[in-house]
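*Asks:* Need coordinates for the below:
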Amino acid sequence: MERNPAMPVGSGIATPAVQLLLFSMHGQRFAFDLAGVERVVRAVALTVVPGLPPAIRGIFSFHGRIVPVGDLHQRLGFPRRDPRLDDWLVVLRTSGRFLGVLLDGAGEVLACPTSTIEPSETVFRESHLTRGIARVNDDVVLIQDLAKFLSIEETLALDGALDAHA
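*Replies:* From the prediction side, this is the model:
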């Protein structure tokens, strides 16, 4: 949305904003749209189930639901690491399921004006996990799209492993 040049900046008209959960990983800034975040909790022990795709570290029970936990480090091309006691687990709603993701810290919530967010396709030819790119102060923040976290094959493998475990 472009600002009307005839309208003073402090005119009281609110600029649309998106609530983001910001976090850092390997010195880079990332975010999830807060609208898709169900809960942020301390990391818990994960149960490894045979047949899980490599992108899934394990599962845990969240309010009676089985939630697979994805390895965001691996998906973003960073070295895989073991979970630590100070990690946090973000439970997200994706298309058709909940998905957990381990973070290296609790993160922070920020209202980001939509005018500072560009679609990822304007920068990346293929926007594998990135839905958008936000400019926050002097930082570039990659907004993640967890609906793209698993491929169709990985989703089928996950469903098969969970069905066999049930």
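
*Asks:* Which residue would you name as the spatial centre of this structure?
*Replies:* Nearest to the mean C-alpha position of the chain, counting by C-alpha atoms, centre = their mean, stands residue 32 at 4.2 Å.

*Asks:* in this protein, which strand has the most residues?
*Replies:* With secondary structure taken from DSSP state E, the chain has its longest strand at strand 17-25.

*Asks:* buried set for it?
*Replies:* Across strand 17-25, burial judged by 16 or more other C-beta atoms under 10 Å covers 18, 20, 21, 22, 23. For glycine as for every other residue, the C-beta is placed from the backbone atoms N, C-alpha and C.

*Asks:* Would you convert those into CSV that also reports distance to residue 56 and pLDDT?
*Replies:* Shown next, in CSV, are those (distance: C-beta to C-beta, whole Å; pLDDT from 0 to 100):
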residue, distance to residue 56, pLDDT
18, 28, 91
20, 25, 94
21, 21, 94
22, 24, 93
23, 20, 91
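
*Asks:* that older thread, would you agree the residue nearest to the centre of the chain is in contact with residue 91?
*Replies:* No. Using C-beta atoms under 8 Å, residue 32 is not in contact with residue 91; the gap is 10.7 Å.

*Asks:* Low-confidence ranges, this protein, go.
*Replies:* Along the chain, the parts satisfying pLDDT under 70 run over 1-15, 125-127.

*Asks:* can you tell me which residues contact residue 95?
*Replies:* residue 147 (C-beta atoms under 8 Å, 6 or more residues apart in numbering).

*Asks:* Next, residue 83: secondary structure please.
*Replies:* Here residue 83 is recorded as coil under DSSP: H, G, I helix; E, B strand; the rest coil.

*Asks:* Surely it touches residue 103?
*Replies:* No. Between residue 83 and residue 103 there is no contact under C-beta under 8 Å: 10.2 Å.
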